[in-house]
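Colleague: Structural data only, the sequence is not supplied:
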Ligand code: A3P
């Protein structure tokens, strides 16, 4: 894909590609964001299950929270918009650690970081590139695979993103959760989230949250009643219909050739050799 094609809908900010829905002025002014101590940041590389976890948090009874649009979505008026929320804010973002507003780190806001197997993430992002008019055209999986390997995609390299956050995994205000674990043992992952947010949930409530946030339920209710597109939680589209594709673990097997798997695994081993997070992601 030509870089001109990429840059028709993305722009390069300090070496990382962003959607034009994130204005340069906003990205430049992130450090002037005035965080509140009780803010919660919901952070992920794109296509890691952000909508799912957001819906889970929203469905926790008496959580007293409001989900906002991503901090990097919009223009310079963003911080005024965020000021208007009186409840505890849950603010999604796909920013890497270094770009997170300095104030969020100083105030030790709670941060939930979602990780998903990178092969499934790549396949999911490939489809998003194809379906989402706010992302560049990509003709084939083979072409997209090369872009993903090089980190020449929106929000940059998956490896760099994960590693930037992993460096801070022992900070007490950061919780790392895995898409695959949420799939495998929903109650266990949910309890990790609620304990981290100091909220109590009972088994009955957990079952209700599980059924309300199942893939089929979320897909069927993709567009909520009275949905306000300014309140998208995705910095790459306001169209929730594009988000719910398959919702499974291991779909990568239907896309990666054996050569692509080998190349990817070699890069993974090299880049993630010191990573504990990587150990959770073994197939
Ligand atoms: P697939 O494209 O593999 O289906 P994000 O919200 O970060 O954009 O991630 C989107 C991915 O999460 C998509 O993956 C989507 O289908 C999946 N997803 C969304 N809701 C889900 C749910 N309730 N359960 C499982 N997967 C879900």
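Modeller: Yes, it's here. None of the values given here were measured: they were computed from a predicted structure.
Colleague: from here on, contacts and neighbour counts on C-alpha atoms
Modeller: Noted.
Colleague: So for stretch 32-44, mean pLDDT?
Modeller: Stretch 32-44 carries an average pLDDT of 97.
Colleague: now the end-to-end length of it.
Modeller: End-to-end span of stretch 32-44 (CA to CA, to the nearest Å): 22 Å.
Colleague: Then stretch 235-250?
Modeller: When the termini of stretch 235-250 are compared using CA to CA, they are 25 Å apart.
Colleague: Could you do stretch 192-207 as well?
Modeller: With CA to CA as the measure, stretch 192-207 spans 15 Å from end to end.
Colleague: For that stretch, which outside residues touch it?
Modeller: 60-61, 63, 110, 112, 175, 187, 190-191 (CA atoms under 8 Å, 6 or more residues apart in numbering).
Colleague: List the buried residues in that stretch.
Modeller: By neighbour count on 16 or more other CA atoms under 10 Å, the buried set for stretch 192-207 is 193, 196-197, 201, 206.
Colleague: what's the spacing between that stretch and its chain's center?
Modeller: Here stretch 192-207 is found 21 Å from its chain centre; the criterion is CA atoms, centre = their mean, to the nearest Å.
Colleague: go on, stretch 144-154?
Modeller: On the basis of CA atoms, centre = their mean, stretch 144-154 sits 17 Å off its chain's mean C-alpha point.
Colleague: is any part of that stretch close to the ligand?
Modeller: No - in terms of CA under 6 Å from any ligand atom, no part of stretch 144-154 sits within range of the ligand; the closest distance is 12.4 Å.
Colleague: next one: stretch 161-173
Modeller: No - Stretch 161-173 does not reach the ligand (CA under 6 Å from any ligand atom); its nearest approach is 13.8 Å.
Colleague: okay, now residue 98: neighbour count?
Modeller: The tally of other residues near residue 98 (other CA atoms under 10 Å) stands at 11.
Colleague: pretty sure it is touching residue 162, no?
Modeller: No - applying CA atoms under 8 Å as the test, residue 98 and residue 162 come out as separate, 11.7 Å apart.
Colleague: Of the buried residues of stretch 192-207, which are in range of the ligand?
Modeller: Among those, no residue sits close to the ligand (CA under 6 Å from any ligand atom).
Colleague: returning to what we had before: now list the buried members of the contacts of stretch 192-207.
Modeller: 60, 63, 110, 112, 175, 187, 190-191.
Colleague: Among those, which lie within strands?
Modeller: The strands, defined by DSSP state E, take in 110, 112, 175 from the buried ones among the contacts of stretch 192-207.
Colleague: would a markdown table of the residues you listed with distance to the ligand and pLDDT be doable?
Modeller: Formatted as a markdown table, these follow (distance: CA to the nearest ligand atom, whole Å; pLDDT from 0 to 100):
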| residue | distance to the ligand | pLDDT |
| --- | --- | --- |
| 110 | 19 | 97 |
| 112 | 13 | 98 |
| 175 | 17 | 97 |
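Colleague: if we can go back for a sec, for the ligand, state which of the buried residues of stretch 192-207 is nearest.
Modeller: When these are compared for distance to the ligand (CA to the nearest ligand atom), residue 206 wins out at 14.3 Å.
Colleague: isn't there a strand covering the closest one?
Modeller: No - under DSSP: H, G, I helix; E, B strand; the rest coil, residue 206 sits outside any strand and is assigned helix.
Colleague: residue ranges with poor pLDDT in the stretch 151-283 of the chain?
Modeller: The stretch 151-283 of the chain contains residues with pLDDT under 70 at 224-231, 282-283.
Colleague: That one against the ligand: which residues are in contact?
Modeller: 213-215, 218, 243-248.
Colleague: For PyMOL, write the select line for the buried members of those residues.
Modeller: Of these, the buried ones go into a single PyMOL selection, burial set by 16+ other CA under 10 Å:
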select buried, resi 213+215+218+243+244+247
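Colleague: Among the residues of the stretch 151-283 of the chain next to the ligand, which are located in helices?
Modeller: Mapping those onto helices (DSSP state H) picks out 215, 218.
Colleague: unless I'm mixing things up, residue 215 is touching residue 247, no?
Modeller: Yes - Residue 215 lies in contact with residue 247 (CA under 8 Å); the separation is 6.2 Å.
Colleague: separation between the one residue sitting closest to the centre of the chain and the ligand?
Modeller: When the chain is reduced to its mean C-alpha position, the closest residue under CA atoms, centre = their mean turns out to be residue 44, at 3.0 Å. In this view, residue 44 and the ligand are 7 Å apart by CA to the nearest ligand atom, to the nearest Å.
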